[in-house]
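Novice: predicted structure and sequence below. I'll ask about it afterward.
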Amino acid sequence: MIQMFQRNFKEALAQRSQVTLPKLRKPIGLFAIGTVIYLSIAVMIAPENQPGRYFLMEGGMVTTLSAIFLALASICAGVSFNLSRARTDFLRFFWLLATMGFAFLFLDELLRFHEMTGRFLDPAVGIPEGFRKWDDIIVILYGIVALFLMAGFLPEILRYPRVMEMMGIAFLFYFIHTFVDSTQEPRTDLSAIIEESAKVFCAEYLAISMFVAILGMKAAANLRREP
């Protein structure tokens, strides 16, 4: 098992060194600026004494943007899985797992599965010491499961340039979101703005990472077709 992982890791790095992506810094930067403008508008149109209203509101414009990014991530991961259909190795199934995982998070963002489960578990089993509520624990578990999957499929993630980097940025925003959500009590307008903005950027960079994977797969396919 270890030898297979090492072989896959070396092969992935070898392919990564050969794949060239189009310049992405400017479009990604413009995308991020657009998101900042959108979130700023959410603050500006809120009532004067409630700047975080649309960040605190379930199903509001901020939650909707986060859900859209997760839906895009799921779609792009599905495209990547389809592009890898000619391969027979198990690593290609990372894209299928990503498709299903992002689809679940998209539905969770809209239907609040983790919050409903948390509200049931809080009185039913009690809240573990050191935590405020089960809602927080569930969100942390999402991240732990994702990290284990990424570790197991690391060669596949590293196979295409910039995918790991974009996912790393997404996890940085996930950490900020989870830290603020787990520690700020009572929730204030400022903490809500920081928390929900970090969640939006987390979803955005997950979508970007999946789109970059598509570009990487297409570039790798072009290399194989070259004489």
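Specialist: In hand now; what should we look at? Residues are numbered from 1 along each chain as shown.
Novice: going by C-alpha atoms from here, please, whenever you check contacts or count neighbours.
Specialist: OK.
Novice: residues making contact with stretch 6-14?
Specialist: The contact list for stretch 6-14, computed with Cα atoms under 8 Å, 6 or more residues apart in numbering, reads Leu154, Pro155, Glu156, Leu158, Arg159, Tyr160.
Novice: can I have the buried ones of those as a ChimeraX selection?
Specialist: Buried residues within the contacts of stretch 6-14, by 16 or more other Cα atoms under 10 Å, are selected in ChimeraX with:
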select :154,155,156,158,159,160
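Novice: Serialize the contacts of stretch 6-14 to TSV and add fields for distance to Leu215.
Specialist: Formatted as TSV, these follow (distance: Cα to Cα, whole Å):
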residue	distance to Leu215
Leu154	18
Pro155	17
Glu156	14
Leu158	14
Arg159	12
Tyr160	9
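Novice: now go through the contacts of stretch 6-14 and say which are in helices.
Specialist: Among these, the residues falling in helices (DSSP state H) are Leu154, Pro155, Glu156, Leu158.
Novice: check contacts around Trp134.
Specialist: Trp134 neighbours (Cα under 8 Å, 6+ apart): Thr117, Gly118, Arg119, Leu121, Asp122, Ile127.
Novice: grab the longest helix from this structure for me.
Specialist: Counting by DSSP H, the longest helix found in the chain is helix 189-225.
Novice: circling back: and which of the ones in helices among the contacts of stretch 6-14 is nearest His177?
Specialist: Leu154 (24.0 Å; Cα to Cα).
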